[in-house]
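Colleague: Show me how the following folds:
(chains A, B, C and D)
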Number of protein chains: 2
Amino acid sequence: MVAVMCRRHPLPPGAAGRSGRPGRPRSAAADTAILEATRAALVELGWSKLSMGDVATRAGVAKTTLYRRWAGKSELVVDAVAVLFDELELPDRGSLAADVEGVVRQFAALLERPEAKTALMAVVAESTRDEPLRERIRASIVDRQKRLVVEGRARAQARGELPVTADDRSGAAGAADDLVFDVIAGTVVHRALVSGQPVDGEWIRRFTALLLGGLGAAAHG
Amino acid sequence: MVAVMCRRHPLPPGAAGRSGRPGRPRSAAADTAILEATRAALVELGWSKLSMGDVATRAGVAKTTLYRRWAGKSELVVDAVAVLFDELELPDRGSLAADVEGVVRQFAALLERPEAKTALMAVVAESTRDEPLRERIRASIVDRQKRLVVEGRARAQARGELPVTADDRSGAAGAADDLVFDVIAGTVVHRALVSGQPVDGEWIRRFTALLLGGLGAAAHG
DNA sequence: GCCTTTCGCTACGCGTCGTAGCGTAACTGT
DNA sequence: ACAGTTACGCTACGACGCGTAGCGAAAGGC
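Modeller: Presented below is the predicted three-dimensional model:
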């Protein structure tokens, strides 16, 4: 909730959620109602037919209140769906292969939810011409999930499944983690939303085998 | 050009480009002018601010003519950018690694063009709620590029870099090719448009090494 | 009680959408 | 040459979403 406040529209950057400010405080209830209404509207209407006025009506809020907090549709939707991606987790399943398969399965399930897939692709499309929006997406959605890769690698190294390289010790393993992250997220998104084919157990096993084979080969050579 | 005709809006499906039809034929010049105007508008305005009326004006065509041929913005843009993706090719560079690096480099260069990236993401987002549109995208853009994977694999097998499996001989290698296609296309798109980081030589080498390591491990195990 | 900020509400100008109607142009068959 | 058919340019239209302005009322700090 605190993190959400600093993503708002005007609100002089210095004094955000502080309660020492004079005047009527912003309604936190309206916040949650608006974001929930946005997700509901995304499910029913999708991105293109979603309108700010409709969201305001669903949330029981005036349209002007929406524009006081968010600059536009893109910013609103980013905040509305960001919480969905934070639900991803990495339970320890005993092996790197099982961990990867588990997180891929979760991500695929998330991408089956209509509000997640229509919103994700739409805001990314919008961000190709809007650098601040791209930064917002990365900060609120994408980069937060890199924790899964970092933790998965650390576990695999602790198990002895992956070697500890000089980069790891010097803290410069970011490039390798970024690559793995792009491979996993990109491949699953492309399979589910572009190719439009099912991300089922059979495919997940094949993909995981390919990825782990690559990581293993990189470790040896 | 013939393939383009069958992607049009009304035009009784049976009698498409045939010249034996009575009445005034559709202007082919208008076709190319409209598609070129669409690409120009995408460069200047991006997807969200592109309007049908603007495209019509740029093309020197009445707005009604646009709607006589395309059902909406999405269908028009798919046709307008499809030709860009057909420019991808796979020159023989002597090794599988060099071939992969070459095609990744080309794809990354294509994704730097504003009309390509804004259009691709936007129509995919739209297609999450429009199954016919998704089919159109696959037929006009995505599936056409799988030829690059098929040809790359065939060359690698001819060089002895990859083994010829039973699936290849029975013609059932589609699943493996589909996986490699999703990995390459998805990863590059995610790197360029979501992570927003450069697809430079260093990254391409790392990614290619990972992928080829995975393919090699799958061959041995 | 005074000040400040937010809230709901109404109303507005603007632009885009997608379609209808009309007269005209282009091409095919007899 | 003539009728039949189809595409074209043009205009006009109702509907809708956008983003903002202005107002009085509500809710907090000092």
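
Colleague: give the contact list for A:Gly46.
Modeller: A:Gly46 is in contact with A:114, A:118, B:128-129, counting by Cβ atoms under 8 Å, 6 or more residues apart in numbering or on different chains. Heads up, the C-betas are built off the backbone N, CA and C, glycines and all.

Colleague: Most neighbours out of the residues you listed, which is it?
Modeller: A:Thr118 (25 neighbours; other Cβ atoms under 10 Å in any protein chain shown).

Colleague: For A:Asp79, see how far away that one is.
Modeller: Using Cβ to Cβ, to the nearest Å, A:Thr118 is found at 16 Å from A:Asp79.

Colleague: Ok, A:Ala156 next?
Modeller: Computed as Cβ to Cβ, the A:Ala156 to A:Asp79 distance reads 34 Å.

Colleague: mind putting the contacts of A:Gly46 in a markdown table, pLDDT, distance to B:Ile34 and secondary structure included?
Modeller: Listed next are those as a markdown table, based on pLDDT from 0 to 100; distance: Cβ to Cβ, whole Å; DSSP: H, G, I helix; E, B strand; the rest coil:
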| residue | pLDDT | distance to B:Ile34 | secondary structure |
| --- | --- | --- | --- |
| A:Pro114 | 97 | 32 | helix |
| A:Thr118 | 98 | 28 | helix |
| B:Thr128 | 97 | 26 | coil |
| B:Arg129 | 96 | 25 | coil |
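
Colleague: do stretch A:103-120 and DNA strand D meet at all?
Modeller: No: Stretch A:103-120 does not reach DNA strand D (Cβ under 7 Å from any atom of the strand); its nearest approach is 14.3 Å.

Colleague: again with stretch A:70-88
Modeller: Yes: residues of stretch A:70-88 contacting DNA strand D under Cβ under 7 Å from any atom of the strand: A:72-73.

Colleague: buried sites along that stretch?
Modeller: By 16 or more other Cβ atoms under 10 Å in any protein chain shown, the buried positions in stretch A:70-88 come out as A:70, A:73-82, A:84-85.

Colleague: Let me see the mean pLDDT of it.
Modeller: The average pLDDT within stretch A:70-88 is 98.

Colleague: the helices in chain A, which residues?
Modeller: Along chain A, counting by DSSP state H, helices occupy A:2-5, A:28-45, A:52-59, A:63-69, A:73-85, A:96-112, A:114-127, A:131-137, A:146-159, A:166-170, A:174-189, A:201-220.

Colleague: With distance to DNA strand C added, can I get these in JSON lines?
Modeller: Below are the helices of chain A laid out as JSON lines (distance: least, Cβ to the nearest atom of the strand, whole Å):
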{"stretch": "helix A:2-5", "distance to DNA strand C": "11"}
{"stretch": "helix A:28-45", "distance to DNA strand C": "5"}
{"stretch": "helix A:52-59", "distance to DNA strand C": "8"}
{"stretch": "helix A:63-69", "distance to DNA strand C": "4"}
{"stretch": "helix A:73-85", "distance to DNA strand C": "14"}
{"stretch": "helix A:96-112", "distance to DNA strand C": "26"}
{"stretch": "helix A:114-127", "distance to DNA strand C": "16"}
{"stretch": "helix A:131-137", "distance to DNA strand C": "20"}
{"stretch": "helix A:146-159", "distance to DNA strand C": "32"}
{"stretch": "helix A:166-170", "distance to DNA strand C": "46"}
{"stretch": "helix A:174-189", "distance to DNA strand C": "27"}
{"stretch": "helix A:201-220", "distance to DNA strand C": "35"}
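
Colleague: Can you say which of those is nearest to B:Ala192?
Modeller: helix A:174-189 (9.3 Å; Cβ to Cβ).

Colleague: The closest one - contacts with which helices or strands?
Modeller: helix A:96-112, helix A:146-159, helix A:201-220, helix B:174-189, helix B:201-220 (3 or more Cβ pairs under 8 Å, 6 or more residues apart in numbering or on different chains; DSSP states H and E).
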